[in-house]
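In: for reference, the sequence and a predicted model appear below.
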Amino acid sequence: MKNAFLPLLLVLILISACDITGKDTGANQAIDGTQVTTGLQNIDGKLSGSGRVVVSKSLGQVRGASSFHLRFKLQDEGEVRLSTYGRADLDQSVGVEFRRKAGLLEVKIFGGGVDTLILNRFENFQASGVLDFMIDVHNNHDDAAHLFIWRYTSDNSSDYGAQNAIVNTDFFKLPLDLDGLDFPEWHDLAVKGNGPFWGLDLIDAEVEIYKAGPPKDNS
Amino acid sequence: MNKMITLLLVFLSTSAIADTGLEIVAAGDLVYSQSLNDESAATEKLAVRGAEVMLFAPIDHIWDGVFSLAAHDEGGSTNFEVHELYVSSSKLIDGSRFKIGQFFLGIGRLNRSHQHDWPFTRAPKVHRDFLAEEAVFDAGVEWGTLLPTEFYLDLTIGVTSGHRFGHVHSSGTKPKTPTHYMRLATFVDFTRGSGLELGTTYLGRNNSQGEKMQIVGLDSTFKWREGKLVKWLVTSELMYRKLDFASASSEEELGFYLFGERGWTPAFRSGIRFDTLKNFSERNLLQKKVNNIHWGATLQSSYQTSEFFKTRLSLSHEFRRVEGLTQDKDTRAQLQFVFIIGAHPAHDF
């Protein structure tokens, strides 16, 4: 019966060696949550202009999954680039880039030096209007990071699923693809982010909401 | 005449199956998940979480064969995949047992059993994050033996391809170092059918991008039987994972779960589980260590009319505490139906 207590004793020793309450140590008090470069205005949490913001609170696990709510407006030739699961300089990240070009909305998924341009999926979006998206990045797959892009409806997970995504990089889940693109190169290259940080790069854009949370889909 | 031929064919087929020792079993796992807060990712629908068909039989006087095919609901569509397809033998070399093929890796506690056989509905946080929603399976070779000691000591060693590990949507890529693992387990007998199993596991892999993974685990399972009733079941796993990324950074995490269940009657059981996971490597942009911990608690009740049909209701709450703030709260209720058709192979302890 003594042996029954050995694993429990080991657990207690390990627990006592580290904090199990997650209490405040002051680590996040020294910074306001973001680091903003010059050229970018940050008024009441809304960003405008051109520049970079890196969110100082990390996403936690590098091999984790998160959702990102982005609401923004693009000027002509303007761009918003969401980089996730990258290093502190957003290097080695995966993400999505939105660009307004010749009146149309151009969307790219990128990571590991690979850019995949997604055509035809965003033709119904007014590139000059307010754009509002929910984006999932699952950086915890053994092969490539799994990305979803949805039109934002609410913060409820039940409103988002693999079947109603505008973009779902899961090769096996793509509907008949009008572009002829099916992302096989994405999985073969096993593109993933290699850090815990995320942020935005703006060119002539205004960002109203940029918020990270738990993933909306569990695929 | 046609009726006679038909009956004869049926009789011969049945005899043929009976003569080969072929056993067929099908298992169904249906789960309804209801979110109880906005952040929960519960699907809010009744889904076929798993439908599995297993065939197993002796191949000849040395080898046995196992084939298991499973269907899972993923994002609203049903995916079929081969879970296990392997040959095994305990007669090839005296005192040794072999597995060659694709199988669930012989590590830890939960990874060695099928999802429909679990004593709870949802995998613990540490299992989901370090391994998979169900289990890690791969193709390779596994060898096991009972060591020549005075007490029970069992050693399992395995090497598998490592092209895939955990959640994967493609065929994977060749790793720099394949998946390799070892488990050492001992067993303490108390009374007939009651005992305690303790195991320790090591697993390593270096994937195609140069990301090195090492997992070390401890598992324990205690069962106390009174007659046919498992009156007490207590099972736990502690896992440590270190990831070394190609970018020279690394991440260390420690996770644990403890599950206890009381059997009140052969039909009715109730249990509770605690989950926790800590990331020791979490830093903010100023590279200051960020205090964090994930906690989860699950209450459940199970009712079974026989060992072939079980209903389970569970209520779980998980959250993360980061520098004094609570986030990522997920509260959900789950109703599970598990049934088995056919002759299920005997469970390990």
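Out: It's in. Numbers count the residues shown, from 1 in each chain, chains lettered A, B, ... in the order given.

In: would you map the helices across the chain?
Out: Here I'm looking at chain A. Using DSSP state H, the helices of chain A run over A:6-16, A:184-188.

In: oops, chain B please
Out: For chain B, applying DSSP H gives helices covering B:2-20, B:125-130.

In: which of the helices of chain A has the lowest average pLDDT?
Out: Note on the helices of chain A: lowest mean pLDDT is at helix A:6-16, with a mean of 56.

In: what stretches of the stretch 101-250 of chain B score poorly on pLDDT?
Out: Scanning the stretch 101-250 of chain B for pLDDT under 70 picks out nothing.

In: might you report the residue contacts of the nearest residue to B:Lys91 once chain neighbours are set aside?
Out: Once flanking residues are discounted, B:Lys91 sits nearest to B:Ile62: 5.0 Å by CB to CB, 6 or more residues apart in numbering or on different chains. (C-beta placed from N, C-alpha, C; glycine too.) Counting by CB atoms under 8 Å, 6 or more residues apart in numbering or on different chains, B:Ile62 touches B:Ser89, B:Lys91, B:Leu92.

In: neighbours around the second one, how many?
Out: By other CB atoms under 10 Å in any protein chain shown, the residues close to B:Lys91 number 14.

In: just checking, it touches B:His61?
Out: Yes: using CB atoms under 8 Å, B:Lys91 makes contact with B:His61 at a distance of 7.3 Å.

In: just to revisit the earlier point, closest one of the contacts of B:Ile62 to B:Leu46?
Out: Comparing the contacts of B:Ile62 against B:Leu46 with CB to CB places B:Ser89 closest, at 41.2 Å.

In: can I get the contacts of B:Ile62 in TSV with distance to B:Trp295?
Out: Output for the contacts of B:Ile62, formatted as TSV (distance: CB to CB, whole Å):
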residue	distance to B:Trp295
B:Ser89	44
B:Lys91	48
B:Leu92	47
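
In: so of those residues, which ones are in strands?
Out: B:Ser89 (DSSP state E).

In: so which of the contacts of B:Ile62 is the closest to B:Leu233?
Out: Distance to B:Leu233 across the contacts of B:Ile62 (CB to CB) is lowest for B:Ser89, with 31.3 Å.

In: that closest one pairs with what?
Out: B:Phe98 (DSSP bridges).

In: show me the contacts for it.
Out: B:Ile62, B:Trp63, B:Asp64, B:Arg97, B:Phe98.

In: the residues you listed, buried ones only, as a PyMOL selection?
Out: Selection of buried members from these for PyMOL, criterion 16 or more other CB atoms under 10 Å in any protein chain shown:
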select buried, chain B and resi 64+97+98
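
In: which among the contacts of B:Ser89 gets closest to chain A?
Out: Taking CB to the nearest CB as the measure, chain A lies nearest B:Arg97 of those, at 24.8 Å.

In: what about the closest residue to the closest one other than its chain neighbours, how many neighbours?
Out: Excluding the flanking residues, the one nearest B:Arg97 by CB to CB, 6+ apart is B:Ser90, at 4.3 Å. B:Ser90 has 14 neighbouring residues, counting by other CB under 10 Å.

In: for B:Ser90, give me its contacts.
Out: Here B:Ser90 is in contact with B:Ser96, B:Arg97, B:Phe98 (criterion: CB under 8 Å, 6+ apart).

In: and the longest strand for chain B?
Out: Per DSSP E, chain B has its longest strand at strand B:325-342.

In: on contacts alone, who are the packing partners of it?
Out: strand B:23-35, strand B:309-322 (3 or more CB pairs under 8 Å, 6 or more residues apart in numbering or on different chains; DSSP states H and E).

In: distance of A:Thr25 from chain B?
Out: A:Thr25 sits 5 Å away from chain B, going by CB to the nearest CB, to the nearest Å.

In: top strand in chain A by residue count?
Out: strand A:65-86.

In: need the contact list for B:Leu275.
Out: Wrong residue type there; residue B:275 is Asp, not Leu. By CB under 8 Å, 6+ apart, the contact list for B:Asp275 reads B:Pro124, B:Lys125, B:Val126, B:Gly255, B:Phe256, B:Tyr257, B:His294, B:Trp295, B:Gly296, B:Ala297, B:Thr298, B:Glu318.

In: could I get the contacting residues of the closest residue to it other than its chain neighbours?
Out: Once flanking residues are discounted, B:Asp275 sits nearest to B:Gly296: 3.6 Å by CB to CB, 6+ apart. Counting by CB under 8 Å, 6+ apart, B:Gly296 touches B:Pro124, B:Lys125, B:Arg273, B:Phe274, B:Asp275, B:Thr276, B:Ser316, B:His317, B:Glu318, B:Phe319.

In: please repeat the previous calculation with a cut-off of 7 Å.
Out: When contacts are counted by CB atoms under 7 Å, 6 or more residues apart in numbering or on different chains, B:Gly296 touches B:Lys125, B:Asp275, B:Ser316, B:His317, B:Glu318.

In: tabulate the contacts of B:Ile62 in TSV, adding columns for pLDDT and distance to B:Ile340.
Out: Formatted as TSV, those follow (pLDDT from 0 to 100; distance: CB to CB, whole Å):
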residue	pLDDT	distance to B:Ile340
B:Ser89	97	26
B:Lys91	95	28
B:Leu92	92	30
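
In: about what we covered before: what's the closest of the contacts of B:Asp275 to chain A?
Out: The nearest member of the contacts of B:Asp275 to chain A, counting by CB to the nearest CB, is B:Phe256 at 6.1 Å.

In: test my guess that the closest one contacts B:Arg273.
Out: No: the criterion here is CB atoms under 7 Å, and B:Phe256 misses it with B:Arg273 at 10.9 Å.

In: isn't B:Pro308 up against B:Gly342?
Out: To be clear, residue B:308 is Phe; Pro isn't right here. No: contact between B:Phe308 and B:Gly342 fails when scored by CB under 7 Å: they sit 9.0 Å apart.
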